[in-house]
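>>> Any chance you can model this:
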Amino acid sequence: MAPNSKIIYTKTDEAPALATRSFLPIVKAFLSTAGVEVELQDISLAGRIIANFPDFLSDEQKINDALTELGELAKKPEANIIKLPNISASIPQLKAAISELQSQGYSLPEYPEEPATDQEAEIKQRYDKIKGSAVNPVLREGNSDRRAPFAVKQYAKSHPHSMGTWSSDSKSHVSSMDSGDFYESEVSATIEKASNLAIKFVSADGSSSTLKDSVPVLDGEIVDASVMSMAKLKTFLAAEIQDAMNKGVLFSLHMKATMMKVSDPIIFGACVEVYYQDVFEKYANLFESLGVDAKNGLGDVYAKLKGHQKQQEVEAAIQAVYKSRPALAMVNSDKGITNLHVPSDVIIDASMPAMIRTSGQMWNAEGKPQDAKATIPDRSYSAVYQAIIEDCKAHGAYDPTTMGSVPNVGLMAQKAEEYGSHDKTFQPTETGTIQVVSESGEVVLEQAVEAGDIFRMCQVKDLPIQDWVKLAVTRAKATGAPAVFWLDQNRAHDAQLIRKVNKYLSKHDTSGLELLIMSPVEATKFSIERIRKGLDTISVTGNVLRDYLTDLFPILEVGTSAKMLSIVPLMNGGGLFETGAGGSAPKHVQQFEKEGYLRWDSLGEFLALAASLEHLAEADNNNKAKVLGASLDQAAAKFLENNKSPARRLGGIDNRGSHFYLAMYWAQALAEQNQDPDLKGKFASVASNLEASEEKINQELIGAQGEAQDIGGYYQPDDDLVAKAMRPSASLNAIIEAIA
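Numbering: from 1, shown residues only. Below you'll find the predicted structure:
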């Protein structure tokens, strides 16, 4: 085996985890022929919970803390990690996972929303590190290079996905605060020398308390502080709810309550309280006694009321609200699940592109599309979506057969920007000032706050910024496309960042390159004008816009963000290869449990594996790995051209069938190449056997569909039951197992 020839595969959650059980045996068998070991590491939500509570478990139940171990590996040059989508858990999801694990015999403590003892406070702190996007900031020790592979783009042009028809008189629009938000209040500074900052609260009477005693910062690091006014937020929400009523459009709220796991649930909860104001005021004492938390959505009201003597009365009061309020956008019209039921149901980066792609409409209670008000309280990035809506009203929907592409270079290494703010977000209970203070006692940043406001501090280190600028220049040189830094000089943080971008661009040879700095709105207009001409534009963005744009443009361009090639060149030389978005994963699992059909598309996994093999081949000088990677790329292109992604309905090939075809095309490509005679000879017989067994394998795979599947759990299914469900073809299994 070549030195360091190991790829780490992540075990995650939901549909991606089920798909892995089908695809990973194929991967291991093929890669064994190049001396490449594939190791599975559990970073699922259930796995993270179990790993963080060993003191509550038996020795047989304990597992290693894979996430922490992979975080350390990501800092080493030998890192080669394939990361599948994972749950960014909201509190309802976290509690559901805990309950399921308890039912499986794990003596885990409950999640204490209101800790009453030091032990409960410590337990809550452990759980809080698991919820939200606990995984990505740990593994992302590099910046993001995300783009649609050529084969994917060509397929989208040849087989365009459906796009809604836009009308110039559409009432759909985006609404944001014009004062009192994070954008307006943000202050920022660059720290010249490494030090240790603290965050303190100073009350109106001058007394001081420490909110966070240690915030280490490095030379040249940018730090920010911003506040959202709760009073102005609620005033804004009340006005927008009334405006939606006046305009006759659906009211919808678009947040990232999973990734921004402290600030956004508070904002979400405020919206729930304002929309259902009559109910929350009338039953305030009851809700307090039941432990109802608006941050968990209206669903928490229903859950806590169940079986209570006032259940029917309160539920009737909730229904009465809808007579005087605008209709809510629905998550599931059939089940009456609204936009305000659960904070993790409507995630802005997936929900806004879906709305734009569907004529700017969302689903109403009758299950019909309707114009909608997309409410995004903070205006830092919301105008990007409004600019696209205005463009679609003026020029119609985008045409996948002709439109250009907007790949992304994203600043995300080492918890860059807002997504690293969770442990530095606070909600004061009284009026005062929150200060960011240096070791010498100097006030670096400060914000005046009132009770209930949301204070958020974030940071971005200098080395990731240097690496980000370098990656942008590299991609511009490789593609010849303009690279646009989406930075707003009127925003405090961006003004600091613009100075650094100009400084570090001067250290590169940029002759012949078009490198621009534009505000997000200007950059959006520039990019979509080029898109309509069939031209490509590289977006170079901070962490949150990276997240938003790498869903927005792919969903418009190729129908889904799951088909994107997502490479994270780690700063110390390793590679992290991400496999696409997992936003539709829950619905796929529900369908699989109901009828034994998994519609999840693993194309992103194929693309990530090919890139991983290319990286490994170069790092280890492993020619067989290089041939395997190149052949896998050819197989993925053939897979697309022959339309072997899961069919839309029961009775066609599902995820398992798509893995069979990928394996057959991969074996064929290996048998046809001339760079490695050993692999050519080895896979000639594999390809022949798969081709000869195609009909039988399809019969076995499709024959397994149509019946309910018991896999022993949602968050932690039973290994044996999943393996049986996801590998039902004895013929395919025998051919794959014979390879190794």
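>>> alpha carbons only for contacts and neighbour counts from here, please
OK.
>>> the residue most distant from the middle of this protein, which is it?
Asp205 (42.8 Å; C-alpha atoms, centre = their mean).
>>> any idea how far Thr431 is from that one?
According to C-alpha to C-alpha, to the nearest Å, Asp205 stands 10 Å off from Thr431.
>>> still on that earlier bit, the residue farthest from the centre of the chain: what's it in contact with?
Neighbour list for Asp205: empty [criterion: C-alpha atoms under 8 Å, 6 or more residues apart in numbering].
>>> Could you do Trp666 as well?
With C-alpha under 8 Å, 6+ apart, Trp666 has these contacts: Ser631, Leu632, Gln634, Ala635, Ala636.
>>> and Ala374, backbone torsions?
Here is the backbone geometry of Ala374 (degrees, to the nearest 10): phi -90, psi 110.
>>> looking at this, the residue farthest from the centre of the chain is in a strand?
No: counting by DSSP: H, G, I helix; E, B strand; the rest coil, Asp205 is not part of a strand but coil.
>>> For it, give its distance to Glu430.
On the measure of C-alpha to C-alpha, Asp205 and Glu430 end up 11 Å apart.
>>> correct me, but Cys271 touches Lys234?
Yes: between Cys271 and Lys234 there is a contact under C-alpha atoms under 8 Å: 7.2 Å.
>>> quick one, helices of the stretch 351-500 of the chain?
382-395, 462-479, 492-505 (DSSP state H, counting those that start in this stretch).
>>> Just send those helices back as JSON lines, with distance to Ile191, mean pLDDT and mean neighbour count too.
Below are these laid out as JSON lines (distance: least, C-alpha to C-alpha, whole Å; pLDDT from 0 to 100; neighbours: other C-alpha atoms under 10 Å):
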{"stretch": "helix 382-395", "distance to Ile191": "29", "mean pLDDT": "97", "mean neighbour count": "19"}
{"stretch": "helix 462-479", "distance to Ile191": "10", "mean pLDDT": "96", "mean neighbour count": "19"}
{"stretch": "helix 492-505", "distance to Ile191": "11", "mean pLDDT": "97", "mean neighbour count": "17"}
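>>> From Ile555, how far off is Ile376?
20 Å.
>>> cool, and Tyr322?
Taken as C-alpha to C-alpha, the span from Tyr322 to Ile555 is 32 Å.
>>> out of these two, which sits in the busier spot?
Ile555 (21 against 13; other C-alpha atoms under 10 Å).
>>> what comes up buried for the worst-scoring helix or strand of the chain on mean pLDDT?
When the helices and strands of the chain are scored by mean pLDDT, DSSP states H and E, helix 136-139 comes last with a mean of 82. Counting neighbours by 16 or more other C-alpha atoms under 10 Å, one finds that the buried residues in helix 136-139 are Asn136, Pro137, Val138, Leu139.
>>> Can you pull the phi/psi pair for Glu595?
phi -140, psi 20.
>>> which residues touch it?
Gln705, Gly706, Glu707, Ala708, Gln709.
>>> can you check Met255 too?
Asp264, Phe268, Pro343, Val346, Ile347, Ile348, Ile376 are the contacts of Met255 under C-alpha under 8 Å, 6+ apart.
>>> Please name the bridge partners of Val436.
Counting by DSSP bridges, Val436 is bridged to Ile199, Leu445.
>>> for Val409, that is, sorry about that
Asp145, Val540.
>>> residues touching it, list them.
Counted by C-alpha under 8 Å, 6+ apart, Val409 has contacts Asn143, Ser144, Asp145, Arg146, Trp468, Leu471, Ala472, Ile538, Ser539, Val540, Thr541, Arg546.
>>> From Ser519, how far out is it?
For Val409, the distance to Ser519 - C-alpha to C-alpha - is 16 Å.
>>> same question, Gly360
Gly360 is 24 Å from Ser519, by C-alpha to C-alpha.
>>> Looking at Leu565 now. What's its pLDDT?
Here, the pLDDT recorded for Leu565 equals 86.
>>> and Thr358, how many neighbours does it have?
20.
>>> likewise the one 4 residues further on?
Look at Met362: counted by other C-alpha under 10 Å, it has 28 neighbours.
>>> Going forward, count from 32.
OK, 32 is where the count begins now, so the last one is Met393.
>>> Looking at strand pairing, list the partners for it.
Counting by DSSP bridges, the residues bridging with Met393 are Gln401.
>>> which one of the contacts of Glu626 has the most neighbours?
So for the contacts of Glu626 (other C-alpha under 10 Å), the most neighbours sit at Gln736, 21 neighbours.
>>> Thr369 and Ser375 touch, don't they?
No: using C-alpha under 8 Å as the test, Thr369 is too far from Ser375 to be in contact (11.8 Å).
>>> picking up where we left off before, can I get the helices of the stretch 382-531 of the chain in JSON lines including distance to Ile598?
Shown next, in JSON lines, are the helices of the stretch 382-531 of the chain (distance: least, C-alpha to C-alpha, whole Å):
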{"stretch": "helix 413-426", "distance to Ile598": "24"}
{"stretch": "helix 493-510", "distance to Ile598": "11"}
{"stretch": "helix 523-536", "distance to Ile598": "22"}
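>>> of all these, which lies closest to Gly66?
helix 493-510 (31.0 Å; C-alpha to C-alpha).
>>> Can you flag which of the contacts of Glu626 belong to strands?
Using DSSP state E, no member of the contacts of Glu626 sits in strands.
>>> Which single one of the residues you listed is nearest to Pro116?
Gln740 (22.4 Å).
>>> got a list of what the closest residue to the closest one other than its chain neighbours touches?
What sits nearest to Gln740 in space, not counting adjacent residues and going by C-alpha to C-alpha, 6 or more residues apart in numbering, is Glu624, at 4.6 Å. Contact partners of Glu624, counting by C-alpha under 8 Å, 6+ apart, are Ala739, Gln740, Asp741, Ile742.
>>> Brilliant, that's me finished.
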